[in-house]
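Trainee: next one to model:
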Amino acid sequence: MAKHPFLSDEWFTVVEKLVEEHGADAPAHTNVVVNLVITGTPFGDERQMHMGARGGKGEWGIGHADDADVTLTTDYDTAKEVFVSGNPQAGMQAFMAGKVKVQGDMAKLMASQQGGGNTALNDAIQEATE
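Mentor: Model prediction:
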């Protein structure tokens with residue numbers, strides 16, 4: 001599989017296809033949507049996207065969701081480490097280091113971290129990202 005730069009237009013297109021192929025179902029108890037603002041990207045000043053789940057159905061895409069529970073703001077390198085590395089501790093370490101700003105329902109975000117995600121989808125995204 002060809003690799004694409006994280007958050008590039010091509011990467012979003014490939015990830016959308018991977019979500020369709022692998023599904024984006026989440027554990028039924030997962031009920032949080034997160035808006036992301038990634039600053040300092042190679043594709044302009046910032047990129048906006050959203051991800052999460054409601055009632056066991058995954059949500060993901062470019063732009064912000066109107067009804068998001070939380071908004072996270074971080075820089076490009078931190079976002080790549082957290083969302084592509086597969087390292088579950090990377091997000092907490094970035095938050096503790098002040099590299100992630102959180103607005104909204106922090107308790108709901110923390111509760112959503114319990115349980116696993118779609119490992120096949122996560123692996124496919126990692127494989128498609130340079």
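
Trainee: and residue 67, what does it touch?
Mentor: By CB atoms under 8 Å, 6 or more residues apart in numbering, residue 67 lies in contact with residue 33. Every residue, glycine included, has its C-beta placed from N, CA and C.

Trainee: got any ranges where the protein has weak pLDDT?
Mentor: Regions of the chain meeting the criterion pLDDT under 70 cover residues 24-29, 86-88, 113-118.

Trainee: so which bits of the lengthiest helix in it are buried?
Mentor: If you go by DSSP state H, the chain has its longest helix at helix 9-22. Residues of helix 9-22 classed as buried by neighbour count (16 or more other CB atoms under 10 Å): 11, 12, 14, 15, 18, 19, 22.

Trainee: mind putting these into CSV with distance to residue 97?
Mentor: Formatted as CSV, the buried residues of helix 9-22 follow (distance: CB to CB, whole Å):
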residue, distance to residue 97
11, 25
12, 27
14, 30
15, 26
18, 30
19, 30
22, 31
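
Trainee: what is the nearest of those to residue 77?
Mentor: Distance to residue 77, by CB to CB, is smallest for residue 11 among the buried residues of helix 9-22, at 15.3 Å.

Trainee: surely that closest one meets residue 4?
Mentor: Yes. Counting by CB atoms under 8 Å, residue 11 sits close enough to residue 4 to count as a contact (4.1 Å).

Trainee: which residues are common contacts for these two?
Mentor: Common neighbours of residue 11 and residue 4, counting by CB under 8 Å, 6+ apart, are 128, 129.

Trainee: what segments of the protein are strands?
Mentor: In the chain, the strands defined using DSSP state E lie at 32-41, 44-54, 57-62, 70-75, 100-104.
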